[in-house]
Structure formats: structure tokens, C-alpha cells
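*Asks:* Need coordinates for the following:
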Amino acid sequence: MKLPALRLRPCAPLWLLALVCLPSLGLGAEPAKSAPSPRPGLIVIEDRGGVSAQPYYDELGLPPLRASGAPSTGGAAKSTAPVVPVEAVGLPVRSTLLSPGVVEARPLQAPGLPPFFLVGDDARSRAWLQQRAGALRQLRAAGLVVNVESPQALQELRALAPGLVLSPASGDDLARRLGLRHYPALLTATGIEQ
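*Replies:* The predicted model follows:
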């Protein structure tokens, strides 16, 4: 099989090609320094604890961090507003469809559901939490505090069960979907119990 001959048409004068190609080959004059690109190509970061991500933050042009971790204000006047923990912004949490009471044990078919529990800021929940804390830790269950008024009350509940995660969240959607009316309750992939 015979291949067709390639025709090359001169697109630019030979001196222009030499000017462009020779520096890149290192054969001619020193190439002009180009400005750094504003962003590097795609960089995938996986945190294995070995390399600082600071160069990537520097690339974003953010203000430097102070020792406290907050961005530097650059000498601007400091705010006198109190610092409120982020989670306190969502308080109080009131789940209108749930109240403290007796939960009838029943099976649940939810394969893959991680164990979690519902509690509130009340005497029944506090006693249940203290009594079941060890078992909840063994299950690695996460806690949703479905009725709590203040950050202090939330902190007191956390102090009753060190090592457990307790997060404020409304339980109304869960109550509707699972037919729950009361808490404290433990929910696993196989059942609901108190």
C-alpha cells in the first residue's frame, strides 16, 4: 500500500520558527521568563499526616492566620461581639413530635444503618445515658440530642457520657419516618429499643 506524500506548506518564515523553537530546545538565546500561572493544575490531596497543606492555602491569597487560628485583621479594630460556638447558633433544639417516655422495642430492617441514639435534656434521658454509656461506646453509637435549650445543658449531657458524640438535632423527621413518639431510644440496623 502506498502512502500519500505529505505536502508541507511554509506557514511562517524560517527565522520565526527558529526564534520560537530554538530557545525551547536550549540551543539558542535564553528563553523569556514567563509569568507563573495563576493556578497550578489539578492537585489531589490526601491527608496522611505528612505534608503541610499551607502552600495550597497560600496560593488562594487568604490573609495569614494568627496563632489563635483566626484570620489576621491586619490591625483593624477588634470586634467586641462575643464569640459564639457554631453549634450554639442552632440552639435551642425542640422536637415537637418527641417527648421523654417509654419506647416499645421493635424490629427494624435497615442494613448498613450505623447505631445511633436519641436523648433529650431531661431526667429520664440523663439516667438512661449514664446507664447505657458503656454499651453505647462499644457500639460506637452517635447521639442526637433532640430537645435541648442551651450550650450549657448540652455540655452537661456530654459530661455524663465521655467518649460519645452528642450532637443537637431535631428528631421530628425521624419521628415521622419511624413512627417514634418518645425517647431515649437506641436505633440499630436491626431494631429500635430503649
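*Asks:* and the longest helix for this protein?
*Replies:* Counting by DSSP state H, the longest helix found in the chain is helix 123-139.
*Asks:* Partner strands of the helix or strand following that helix and their direction?
*Replies:* Counting by DSSP states H and E, the next helix or strand C-terminal to helix 123-139 is strand 142-148. Its sheet considered, strand 142-148 pairs with strand 93-94 (antiparallel), strand 116-120 (parallel), strand 166-168 (parallel) by DSSP bridges.
*Asks:* Give me the buried positions along strand 142-148.
*Replies:* Buried residues in strand 142-148, defined by neighbour count with 16 or more other C-beta atoms under 10 Å: Gly143, Leu144, Val145, Val146, Asn147, Val148. From N, CA and C alone the C-beta is placed, and that goes for glycine too.
*Asks:* Could you list the low-confidence segments of the chain?
*Replies:* Scanning the chain for pLDDT under 70 picks out 1-53, 56-57, 59-86, 88.
*Asks:* where along it do the helices fall?
*Replies:* 14-25, 54-59, 86-89, 123-139, 151-160, 172-178.
*Asks:* and the longest one, what does it pack onto?
*Replies:* With contacts defined as 3 or more C-beta pairs under 8 Å, 6 or more residues apart in numbering; DSSP states H and E, helix 123-139 has these neighbours: strand 99-100, strand 116-120, helix 151-160, strand 185-187.
*Asks:* relative to helix 151-160, how tilted is that helix?
*Replies:* 50 degrees (axes from the mean of the first three to the mean of the last three C-alpha atoms, to 10 degrees).
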